[in-house]
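Undergrad: okay, sequence plus prediction incoming.
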Amino acid sequence: MHIGPRRSNQTHTFPYVINGQVLPMTDCVADLGVMYDNHLSFSPHINKIVNDASRRANLILKWFTTRDPLV
């Protein structure tokens, strides 16, 4: 992942190479459990947390016979 501005004459980012192996490009990485994208936005991390919470809430609600709190 390249972090930083592109030059106006640059159409793509420079490939990063370690020991002759070209590293694959990615738009999102996780570091110490926190996900962020190449714009240093935490949107991927927030979206993952919201999706996980929604999935767990649906699993909990599945076990109730009714959602009416007065019954």
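TA: Noted; the coordinates are in hand. Quantities reported herein were computed from a predicted structural model and do not represent experimental measurements.
Undergrad: now the residue nearest to the spatial centre of the chain, what's its secondary structure?
TA: Nearest residue to the geometric centre of the chain (CA atoms, centre = their mean): residue 44, 2.8 Å. Secondary structure, DSSP: H, G, I helix; E, B strand; the rest coil: residue 44 is helix.
Undergrad: where are the low-confidence patches of the protein?
TA: 4-13, 71 (pLDDT under 70).
Undergrad: which stretches in it count as strands?
TA: 17-18, 21-22, 28-31, 34-37 (DSSP state E).
Undergrad: adding mean neighbour count and distance to residue 48, write these out as JSON lines.
TA: All C-beta atoms are positioned from the backbone trio N, CA, C, and that covers glycine. Output for the strands of the chain, formatted as JSON lines (neighbours: other CB atoms under 10 Å; distance: least, CB to CB, whole Å):
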{"stretch": "strand 17-18", "mean neighbour count": "8", "distance to residue 48": "28"}
{"stretch": "strand 21-22", "mean neighbour count": "8", "distance to residue 48": "28"}
{"stretch": "strand 28-31", "mean neighbour count": "11", "distance to residue 48": "9"}
{"stretch": "strand 34-37", "mean neighbour count": "15", "distance to residue 48": "6"}
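Undergrad: can I get those in a markdown table with distance to residue 69?
TA: What follows is the strands of the chain, written out as a markdown table (distance: least, CB to CB, whole Å):
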| stretch | distance to residue 69 |
| --- | --- |
| strand 17-18 | 58 |
| strand 21-22 | 58 |
| strand 28-31 | 38 |
| strand 34-37 | 36 |
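Undergrad: circling back to that earlier point, OK, contacts around the residue nearest to the centre of the chain?
TA: 28, 35, 36, 37 (CB atoms under 8 Å, 6 or more residues apart in numbering).
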